[in-house]
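Novice: here is a sequence with its predicted model. Questions after.
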Amino acid sequence: MQPAVYILASQARGTLYVGVTSDLVKRIWQHQNNLVEGFTQKYGVHTLVYFEQHASMLEAIAREKQLKAGPRAKKLALIEAANPGWDDLYPGLL
């Protein structure tokens, strides 16, 4: 298991969700299959557009808090620098 911070989007430049997990493949599968109740299910936020892997869960949680506290513009810039086409990165994880 590799701790990771991830960003899901409803569409390009749409609604964003920042999360943290110890099992990225499993967690994204859960989001994409509407098994996670709450924000992502309610707003259809299922496309993995960005992720970072970290050495420890503490580092991942700290980064998640930093991203959540930051402005939307910084999240958009981060995504667009790494994934300018806003492609779903989930298939590449498999």
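Specialist: Perfect, thanks for sending it.

Novice: what helices and strands are in contact with the biggest helix by length in the chain?
Specialist: Longest helix in the chain, counting residues (DSSP state H): helix 57-69. Under the contact definition 3 or more CB pairs under 8 Å, 6 or more residues apart in numbering; DSSP states H and E, helix 57-69 sits against strand 4-9, strand 16-21, helix 72-82. For every residue, glycine as well, the C-beta is placed using N, CA and C.

Novice: out of these, which is the most enclosed?
Specialist: Greatest average neighbour count among the helices and strands packed on helix 57-69 goes to strand 4-9 (a mean of 24), per mean count of other CB atoms under 10 Å.

Novice: now do it, average pLDDT.
Specialist: Mean per-residue pLDDT for strand 4-9: 98.

Novice: and what of stretch 78-94?
Specialist: Mean pLDDT, computed over stretch 78-94, is 96.

Novice: span of that stretch from start to end?
Specialist: With CA to CA, to the nearest Å as the measure, stretch 78-94 spans 23 Å from end to end.

Novice: which residues are contacting the longest helix of the chain?
Specialist: 3-5, 7, 18-20, 22, 52, 54, 74-75, 78 (CB atoms under 8 Å, 6 or more residues apart in numbering).

Novice: so which bits of it are buried?
Specialist: Across helix 57-69, burial judged by 16 or more other CB atoms under 10 Å covers 60, 63-64, 67.

Novice: what pLDDT is listed against the closest residue to Lys74 other than its chain neighbours?
Specialist: Sequence neighbours aside, Leu67 is the residue nearest to Lys74 in space, at 7.9 Å (criterion: CB to CB, 6 or more residues apart in numbering). On the pLDDT scale, Leu67 is placed at 97.

Novice: I appreciate the help and will end here.
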